[in-house]
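In: structure here, sequence nowhere to be found:
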């Protein structure tokens, strides 16, 4: 059959990325307690396209991804991209995969169990010159109590739910569950899917006794990340969805290329 994509293009314009976007697909990722977890991912896959090629073969992205869907832990994600790159005779291949990760979490007092969802993502790059990069991102909902509000109020203090997003460059192996716990331990309190009255009392009082500005939260997480291992680069951002303001509070920090905080 005629292969239109492989015909020559004479417009002399290379494309940095061509591929598929928004593919929803069942996948497996590593789970500390159950070995693997079945979830559904939204996937973007691309390669570069030299100026003399008319198009790429979109079906090959799906073919390769389907073969790897049950083995997409952090390092193997790059192997999947390398196979796509070679299949399409490209110099570079890129991939992004976002998915909900579920943790079976106990309430702090009643120990009632329920699932908590955490938004996670992988992104990677491979090239024919041996360049390989990979990042994993995890978004963790937390609770914070404002230190200023607690200091100036005769009773009570305003509190809010926030989101902490951590992004790590591939380095030592770590469990997503451990990163989630690390972030929650830096907040005024963790948040839960299921709380009974005794749990609400505990969470409220624990948060009140541990007030944190958004700046405190980011700094504490930055200092805690090296306990998981030595990562080449990482970043932390926190957004507090303020309960008494019509805006969010935000802070961000990142490490240097050598992993030192700056």
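Out: All right, it came through fine. Predicted model, so just to flag it, every value in this text is computed and none were measured. Numbers count the residues shown, from 1 in each chain.
In: from now on I want contacts and neighbour counts done on CA atoms only, so please keep to that.
Out: Fine.
In: secondary structure class for residue 220?
Out: Of the three states, residue 220 takes helix under DSSP: H, G, I helix; E, B strand; the rest coil.
In: where does it land on pLDDT?
Out: At residue 220, the model reports a pLDDT of 98.
In: residue 257 too?
Out: pLDDT at residue 257 comes out at 56.
In: likewise for the one 5 residues further on?
Out: The per-residue pLDDT reported for residue 262 equals 54.
In: ditto for residue 15
Out: Per-residue confidence for residue 15 comes out at a pLDDT of 87.
In: and if you look at residue 77?
Out: 94.
In: can you report how many residues lie near it?
Out: 22 (other C-alpha atoms under 10 Å).
In: tell me the contacts of it?
Out: Neighbour list for residue 77: 71, 124 [criterion: C-alpha atoms under 8 Å, 6 or more residues apart in numbering].
In: try the one 10 residues further on
Out: Residues in contact with residue 87 (C-alpha under 8 Å, 6+ apart) are residue 60.
In: rerun at 10 Å
Out: Residues near residue 87 by C-alpha atoms under 10 Å, 6 or more residues apart in numbering: 57, 60, 61, 64, 81.
In: now, which of those lie within helices?
Out: Using DSSP state H, the members of the contacts of residue 87 that fall in helices are 60, 61, 64, 81.
In: now do the strand or helix carrying residue 99, average pLDDT.
Out: Secondary structure assigned from DSSP states H and E places residue 99 in strand 92-106. The average pLDDT within strand 92-106 is 97.
In: who are the packing partners of that strand?
Out: Helices and strands touching strand 92-106, by 3 or more C-alpha pairs under 10 Å, 6 or more residues apart in numbering; DSSP states H and E, are strand 15-31, strand 35-49, helix 74-87, strand 113-127, strand 132-145, helix 176-186.
In: so of the ones you listed, which one's packed in deepest?
Out: Of the helices and strands packed on strand 92-106, the one with the most neighbours on average (mean count of other C-alpha atoms under 10 Å) is strand 132-145, at a mean of 22.
In: which is the next helix or strand following that one?
Out: Taking DSSP H and E as the definition, the helix or strand right after strand 132-145 is helix 147-152.
In: okay, buried residues for that next one please.
Out: 147, 150 (16 or more other C-alpha atoms under 10 Å).
In: next helix or strand past that helix?
Out: Per DSSP H and E, helix 147-152 leads on to strand 159-169 as the next helix or strand towards the C-terminus.
In: what angle separates that next one from helix 176-186?
Out: Taking axes from the mean of the first three to the mean of the last three C-alpha atoms, to 10 degrees, one finds strand 159-169 and helix 176-186 inclined to each other by 140 degrees.
In: mean confidence for strand 159-169?
Out: Regarding strand 159-169, the rounded mean pLDDT is 95.
In: counting neighbours, which of the ones in helices among the contacts of residue 87 comes out on top?
Out: Neighbour counts for those (other C-alpha under 10 Å) peak at residue 81, which has 27 neighbours.
In: please report how far it lies from residue 199.
Out: Distance, residue 81 to residue 199, using C-alpha to C-alpha, to the nearest Å: 45 Å.
In: repeat for residue 23
Out: With C-alpha to C-alpha as the criterion, residue 23 and residue 199 are 40 Å apart.
In: quick revisit: mind putting the helices and strands packed on strand 92-106 in TSV, distance to residue 251 included?
Out: Converted to TSV, the helices and strands packed on strand 92-106 look like this (distance: least, C-alpha to C-alpha, whole Å):
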stretch	distance to residue 251
strand 15-31	29
strand 35-49	27
helix 74-87	27
strand 113-127	19
strand 132-145	14
helix 176-186	14
